[in-house]
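Enquirer: pasting the sequence and the predicted coordinates here, then a few questions.
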Amino acid sequence: MDFPGFSLDVSALQSDGGPNPDEIYDVLVIGGGPAAMTAAVYAARKMLKLALLTKDFGGQVMDTSDIENYMGFQTITGEELAKKFQEQIRHFEVPFRKDDGVLSVTQDGDLFLVRTENDVVFRGKTVILATGKRSRPLNVPGEREFTGKGVAYCATCDAPFYAGKDVVVAGGANSALTAAMDLLKAQATHVTLVNFIEGWQADEVLMASVRDDQRLNLLDFHEVVRIEGKDRVEAVRVRNRKTGEETVIRTNGIFVEIGLLPNSEPVAELAQVNDVREVLVDCHCATNVPGLFAAGDVTTVPYKQIVISAGEGAKAALAAYDYLAQKGNL
Ligand SMILES: Cc1cc2nc3c(=O)[nH]c(=O)nc-3n(C[C@H](O)[C@H](O)[C@H](O)COP(=O)(O)OP(=O)(O)OC[C@H]3O[C@@H](n4cnc5c(N)ncnc54)[C@H](O)[C@@H]3O)c2cc1C
């Protein structure tokens, strides 16, 4: 995904040397969002030998403009809050490895083996999976080709680039309506909302805030069938699901806002997941595999919010500590 202007400086986070594949860690925390960073702080305060393995720092918080529901801050931007989290874990000199996602978590006797995309294997007595969620793709021709060239997944990040331009937003729930609002605020010329099903699933308060805007075009019961262009997006082809008629909408871009998918792939072979692939956890963040814990948006815990992910990350670290203590394995 293309998030210009929203990179978090993690240079200050770099501790001396990253995690060492020759070590055996008490806990390997996977992820770099609120759940993982909070888990790392709690694990460090319990003096556990830990390492953090992540693709990036901040997670979805970096996609959020203003946050008004994280206690202690009346309003804070996502970028600022992610920096605060970063400062918090800097104190504890947590060894971390960034830009190298985790591919798989397997078991070897009493240990977990955590393999990264660069084929480095780390060993841990416990694992906390806190890999969150990612945008669900449309899976239509042209989407992958034009990602970052007019296909976008984060209105908070990219809406300002569409001032004076025409945009399509795919989706019909709160995230799509919020994206439409962001684009209208950013002075997009026209915004066309395309929803797969009939009607709109967004909260009425969001619908009311945009419905009368003359720049907004609402198209429900339509599906996006193709994204077209030469070097960048130039058009989006949609099909009326009642009549089958296809229409080409000339546009400078399309924002895909059709929901999120859990990043549970690393434990897909190991842990139980529900029908939407969220990792099943109990109230102690324990999965069905002893020693494997999960926290935040990647799990079945309801209400995906920063404060909830942070709380679940704290619980997962304390639960991992208790697990090791009960086994006499500290
Ligand atoms: C646009 C938007 C606005 C939002 N606004 C709010 C709001 O105002 N208030 C609120 O409370 N919540 C809001 N949320 C929800 C909130 O951001 C999430 O609930 C929260 O960030 C989840 O935290 P997490 O740590 O569980 O996962 P994430 O934030 O998704 O973090 C997951 C981390 O894991 C890393 N990762 C993923 N896969 C791998 C892998 N295989 N290996 C290693 N690392 C991996 C990712 O790079 C990332 O660092 C918003 C979300 C979005 C998208």
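Expert: Great, that's in hand.
Enquirer: three-state assignment of the residue nearest to residue 37 when sequence neighbours are not counted?
Expert: Spatial nearest neighbour of residue 37, chain neighbours left out: residue 85 (4.6 Å); criterion: CB to CB, 6 or more residues apart in numbering. The way it works is simple: take the backbone N, C-alpha and C, and place the C-beta from them, glycine included. Here residue 85 is recorded as helix under DSSP: H, G, I helix; E, B strand; the rest coil.
Enquirer: wait, what's in contact with residue 85?
Expert: 34, 37-38, 57-58, 61 (CB atoms under 8 Å, 6 or more residues apart in numbering).
Enquirer: measure residue 125 to the ligand for me?
Expert: As judged by CB to the nearest ligand atom, to the nearest Å, residue 125 and the ligand stand 19 Å apart.
Enquirer: secondary structure class for that residue?
Expert: Residue 125 - assigned by three-state DSSP - is strand.
Enquirer: hang on, isn't residue 48 packed against residue 324?
Expert: Yes: if you go by CB atoms under 8 Å, residue 48 and residue 324 touch, sitting 7.5 Å apart.
Enquirer: need the residues touching each of the two.
Expert: 26-27, 330.
Enquirer: now, among those residues, which is nearest to the ligand?
Expert: Comparing these against the ligand with CB to the nearest ligand atom places residue 27 closest, at 14.8 Å.
Enquirer: give the bridge partners for the closest one, please.
Expert: Beta bridges link residue 27 to residue 50, residue 126 when assigned by DSSP bridges.
Enquirer: my read: it touches residue 52, true?
Expert: No: checked against CB under 8 Å, the pair residue 27 and residue 52 is beyond contact range at 9.6 Å.
Enquirer: sorry, back to before: the contacts of residue 85: which ones sit near the ligand?
Expert: Here is what survives when the contacts of residue 85 are matched to the ligand using CB under 6 Å from any ligand atom: 34, 61.
Enquirer: residues near the spatially closest residue to residue 52 that is not a sequence neighbour, how many?
Expert: Leaving aside its sequence neighbours, residue 52 sits nearest to residue 96 (CB to CB, 6+ apart; 4.0 Å). Residue 96 sits with 23 neighbouring residues when counted by other CB atoms under 10 Å.
Enquirer: surely residue 96 meets residue 18?
Expert: Yes: Residue 96 lies in contact with residue 18 (CB under 8 Å); the separation is 6.4 Å.
Enquirer: now do the shared contacts for the two.
Expert: By CB under 8 Å, 6+ apart, the residues touching both residue 96 and residue 18 are residue 51.
Enquirer: picking up where we left off before, make CSV from the shared contacts of residue 48 and residue 324 and add distance to residue 122 to it.
Expert: Output for the shared contacts of residue 48 and residue 324, formatted as CSV (distance: CB to CB, whole Å):
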residue, distance to residue 122
26, 12
27, 11
330, 19
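Enquirer: which among those end up buried?
Expert: Among those, the ones that count as buried by 16 or more other CB atoms under 10 Å are 26-27.
Enquirer: is it possible to get CSV of the shared contacts of residue 48 and residue 324 that adds pLDDT?
Expert: Output for the shared contacts of residue 48 and residue 324, formatted as CSV (pLDDT from 0 to 100):
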residue, pLDDT
26, 98
27, 98
330, 88
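Enquirer: all strands of the stretch 1-150 of the chain, in order?
Expert: Applying DSSP state E, counting those that start in this stretch to the stretch 1-150 of the chain gives strands spanning 24-30, 50-53, 66-67, 76-77, 96-97, 102-108, 111-116, 121-129, 133-135.
Enquirer: other SSEs contacting the fifth one?
Expert: Contacts defined by 3 or more CB pairs under 8 Å, 6 or more residues apart in numbering; DSSP states H and E place strand 96-97 against strand 50-53.
Enquirer: can you check the longest one too?
Expert: Where contact means 3+ CB pairs under 8 Å, 6+ apart, strand 121-129 is packed against strand 24-30, helix 34-45, strand 50-53, strand 102-108, strand 111-116, strand 292-294, helix 306-326.
Enquirer: how about the residues of this structure near the ligand?
Expert: 30-36, 53-56, 59-61, 63-64, 67, 69, 101-102, 130-133, 156, 263, 266, 296-297, 304-307, 309.
Enquirer: which members of those residues are classed as buried?
Expert: 30-36, 53-56, 59-61, 63-64, 67, 101-102, 130-133, 156, 263, 266, 296-297, 304, 306, 309.
Enquirer: pull up the pairing partners for the worst-scoring helix or strand of the chain on mean pLDDT, direction included.
Expert: Of all helical and strand segments in the chain, the minimum by mean pLDDT, DSSP states H and E falls on strand 66-67, at a mean of 84. Applying DSSP bridges to the sheet, strand 66-67 is found paired with strand 76-77 (antiparallel).
Enquirer: thank you kindly, that will do.
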